[in-house]
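1. here are the coordinates; sequence isn't available:
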């Protein structure tokens, strides 16, 4: 025997038994949540970075938000760290002098107060 509630939900009921259940209040709306923090890495070029070691980094962050730029090696040691305070524009750009880094694979991390983005790159 099948029992249906007023919303069309179906329950299998053994023959001769009665089932009573109550649905609580169903949420039909949602509370306004703050939008997620915007942080996007547009690119690091050239990649691979040549032996001369100058690269350009482009990213987007919340206008006026400060961003921390860190370059770490594959062992997790921080090799370069910059703190930038963004202006009124969301699109940011920086030239990174990576000439002190030896050849290898590195991880570039851009972080703000609420988000972080990482990208690996190769230094020749």
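-> Yes, it's here. Not measured: the values here are computed from a predicted model.
2. and the gap between the closest residue in space to residue 83 that isn't next to it in sequence and residue 94?
-> Closest residue to residue 83 apart from its sequence neighbours, by C-beta to C-beta, 6 or more residues apart in numbering: residue 68 at 5.5 Å. (Each C-beta comes from the backbone N, C-alpha and C, glycine too.) Distance, residue 68 to residue 94, by C-beta to C-beta, to the nearest Å: 12 Å.
3. For residue 84, give the beta-bridge partners.
-> Following DSSP bridges, residue 84 is listed with bridge partners residue 67.
4. Isn't it up against residue 95?
-> No: contact between residue 84 and residue 95 fails when scored by C-beta atoms under 8 Å: they sit 11.7 Å apart.
5. neighbour count winner among the two?
-> Under the criterion of other C-beta atoms under 10 Å, the comparison of residue 84 against residue 95 puts residue 84 first, with 16 against 9.
6. check contacts around that one.
-> Residues near residue 84 by C-beta atoms under 8 Å, 6 or more residues apart in numbering: 66, 67, 68, 69, 92, 94.
7. element containing the fifth one, please.
-> Residue 92 is part of strand 91-97, with elements assigned from DSSP states H and E.
8. For that strand, buried residues please.
-> Buried residues in strand 91-97, counting neighbours by 16 or more other C-beta atoms under 10 Å, are found at 92, 96.
9. Not counting residues beside it along the chain, what's closest to residue 85?
-> Closest residue to residue 85 apart from its sequence neighbours, by C-beta to C-beta, 6+ apart: residue 66 at 4.7 Å.
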